[in-house]
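Enquirer: Let me see the structure of the following:
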Amino acid sequence: LWYLFNTTQTLTGGRVYVQDNVPVTDFPVYVRPGAILTLQKAIVQYSDAIGGRLEVQVYAGRDGAFDMVEDDGSTTDYLTGGTRTTHWKWDDVGKTLTWAVDQGSYPGGPNDYMSVQAVL
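Expert: Alright, predicted model coming up:
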């Protein structure tokens, strides 16, 4: 089973699907059940202010886990451990998304996410 990215439409795996006349803007991307995807708004370059709300898409159907690693986006401090890791976990039976933050040596900054929008 596969999900078409950003939808709840599913397709059965192990088959070949042929689509004619597909615009280049509609390039299909498929996601497995249990996947956790973190998405941010479109930006021109990483140093642009991001932060704000982080969208987290969860594709149900099995348990899943994902580690999101962040840094300040403007220095090379990540080379010496200047990162923060958020551990995301999806429990499919309980339909519960949980997360825990390991602050590491990243002190935080003005582009940090202030809220999470879960899309299940």
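Enquirer: show me where this protein has strands.
Expert: Remark: strands assigned in the chain by DSSP state E are 2-4, 10-11, 30-31, 36-39, 52-58, 64-70, 84-91, 96-102, 113-119.
Enquirer: Minimum distance to Tyr78: which of those has it?
Expert: Closest approach to Tyr78 among the strands of the chain is made by strand 64-70 (8.2 Å; CB to CB). C-beta: built from backbone N, CA, C; applies to glycine.
Enquirer: Can you list the neighbours in contact with that closest one?
Expert: 33-38, 58, 83-90, 92, 106 (CB atoms under 8 Å, 6 or more residues apart in numbering).
Enquirer: Okay, buried residues for that strand please.
Expert: 64, 66, 68, 70 (16 or more other CB atoms under 10 Å).
Enquirer: Where among the strands of the chain is average confidence lowest?
Expert: Note on these: strand 113-119 shows the lowest mean pLDDT, a mean of 83.
Enquirer: What strands line up against that strand, and which way round?
Expert: Sheet pairing of strand 113-119 (DSSP bridges) gives strand 52-58 (parallel).
Enquirer: The strand it pairs with vs strand 96-102, what angle?
Expert: Comparing the axes of strand 52-58 and strand 96-102 via axes from the mean of the first three to the mean of the last three CA atoms, to 10 degrees yields an angle of 130 degrees.
Enquirer: Just the C-alphas of strand 52-58, formatted as CSV.
Expert: Extracted in CSV, the C-alpha atoms of strand 52-58 (Å, rounded to 0.1, in the frame of the first residue of the first chain):
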residue,chain,number,x,y,z
GLY,A,52,6.6,29.6,13.0
ARG,A,53,4.4,26.6,12.5
LEU,A,54,5.8,23.2,11.5
GLU,A,55,3.5,20.9,9.5
VAL,A,56,3.8,17.2,10.4
GLN,A,57,2.1,14.8,8.0
VAL,A,58,1.5,11.3,9.2
